[in-house]
Structures are given as structure tokens and as C-alpha cells.
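Visitor: model this:
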Amino acid sequence: MTARHTVIDTRIGSLTLVAENASVTGIYFPGHWTKPDDTAWGDRVDIPADPVFERTQAQLEEYFDGERTTFDLPLAPVGNEFQQRVWEVLERIPFGQTVTYGQIAAEIGGRTVAQMVGQAVGRNPVSIVIPCHRVVGADGSLTGYAGGLERKLILLELEEPPEIAASKLF
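Guide: Numbers count the residues shown, from 1 in each chain. Model prediction:
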């Protein structure tokens with residue numbers, strides 16, 4: 001198999017899933033800031049005909065339904081060595097928790113690389129599964145998200161423990 005893609009509908013809008021061979025290489029929102037030229041995505045295929053997309057769609061649906069907190073998908077995001085290191089850190093951020101760009105920078109190479117960390121987070125090609133939405137500003141504020149801040153907020157609220165979400169109502 002070669003590169004191919006499909007589009008699924010979710011509660012946060014359409015997502016384009018991209019795969020190469022047996023691995024997911026991209027999950028993109030409409031208007032995604034850093035998506036590659038869609039000619040690199042290959043042919044559009046139907047989900048039932050593709051086990052990688054079938055599995056990815058099922059796990060995303062479980063996540064959106066509150067039934068999944070981690071993903072078990074074969075991933076092959078394309079990026080340079082630094083970006084790969086940042087994305088590996090993102091994958092370790094637990095469900096329902098957030099970290100700052102500075103915390104990631106400190107883990108990878110010191111605060112001097114914070115801007116590079118921000119760029120790598122913004123270029124994450126596998127949205128949601130590699131949870132870049134869990135990265136916030138130093139003061140806890142929502143900062144840029146390739147899928148838009150409104151989607152980032154929805155994803156973070158989806159991951160809030162029910163008792164925290166309920167406490168915000170009062």
C-alpha cells in the first residue's frame with residue numbers, strides 16, 4: 001500500500017485521516033494551519049476497505065464518546081529529529097492533564113528551546129492522537145492550536161474529570 005486518505009465526521013467537525021502503508025501519518029482539521037499539500041495524501045479510500053482507517057475511526061469515536069483515554073494506533077508522523085522528540089513527549093501527557101511549552105522545553109533541552117517546542121507542537125501532524133491540545137501557555141491560558149482554539153477547548157473539556165467540570169457550574 002501507499003499513501004491514502006479518507007474523511008470522517010466527528011463531533012468537532014470533519015477530520016482527514018492520512019496513512020502510509022500500515023501507519024497513520026496524519027489527522028487534519030479543515031483549515032489546519034500546517035497541513036501538507038493534499039496531493040501527498042494519495043487516493044481517497046473508503047473506510048471499510050482499509051483496516052488502518054477503520055481502527056482509527058473506531059478509536060476516535062470511542063474517545064469522543066468518553067470511552068477511551070489512550071490510543072493504540074500505529075503512527076508514523078513525518079518530521080525532523082527535534083519535532084519527533086517533542087511529539088514523543090506529547091504522547092506521554094496523560095489524559096485530562098496539561099503541560100506548558102516551557103515544561104516540554106525543560107525536558108528536551110532547556111527553556112531556550114521553548115519557541116522551537118511551540119513550532120514543533122504546531123506542526124504535529126497527528127492531531128488528537130498525539131495530544132498537542134494538552135499544551136497550554138505558562139499561565140494556563142489556551143494558546144494556538146492548528147485546529148482552532150474552539151476545538152482545543154472542546155477537547156480539553158472532553159477530558160476533564162466529571163467532578164471538575166461540575167464544579168465549574170457553581
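
Visitor: who does the top helix by length along the chain touch, helix- and strand-wise?
Guide: Counting residues, the longest helix in the chain under DSSP state H turns out to be helix 51-64. Contacts defined by 3 or more Cβ pairs under 8 Å, 6 or more residues apart in numbering; DSSP states H and E place helix 51-64 against strand 4-10, strand 13-20, strand 23-28. C-beta here means a position set from N, CA and C on the backbone, and glycine is covered the same way.

Visitor: Only the buried residues of the first one, if you could.
Guide: Judged by neighbour count (16 or more other Cβ atoms under 10 Å), strand 4-10 contains these buried residues: 4, 5, 6.

Visitor: Please name the bridge partners of the last one.
Guide: Listed by DSSP bridges, the beta-bridge partners for residue 6 are residue 17.

Visitor: That one reaches residue 53, doesn't it?
Guide: Yes. Counting by Cβ atoms under 8 Å, residue 6 does reach residue 53; the two are 5.0 Å apart.

Visitor: what touches both of the two?
Guide: Common contacts of residue 6 and residue 53, defined by Cβ atoms under 8 Å, 6 or more residues apart in numbering, comprise 17, 45, 47.

Visitor: Going along the chain, name the helices of this protein.
Guide: 51-64, 81-91, 101-108, 114-122, 149-159, 162-167.

Visitor: centroid residue for this protein?
Guide: Geometric centre of the chain, nearest residue: residue 127, 2.0 Å, by Cα atoms, centre = their mean.

Visitor: quick one: that one from residue 113, how far?
Guide: 22 Å (Cβ to Cβ, to the nearest Å).

Visitor: any idea how far the nearest residue in space to residue 69 that is not next to it in sequence lies from residue 51?
Guide: Once flanking residues are discounted, residue 69 sits nearest to residue 95: 3.8 Å by Cβ to Cβ, 6 or more residues apart in numbering. According to Cβ to Cβ, residue 95 and residue 51 sit 25 Å apart.

Visitor: And these two? Which one has more around it.
Guide: Using other Cβ atoms under 10 Å as the criterion, residue 95 and residue 51 rank with residue 95 on top: 14 against 11.
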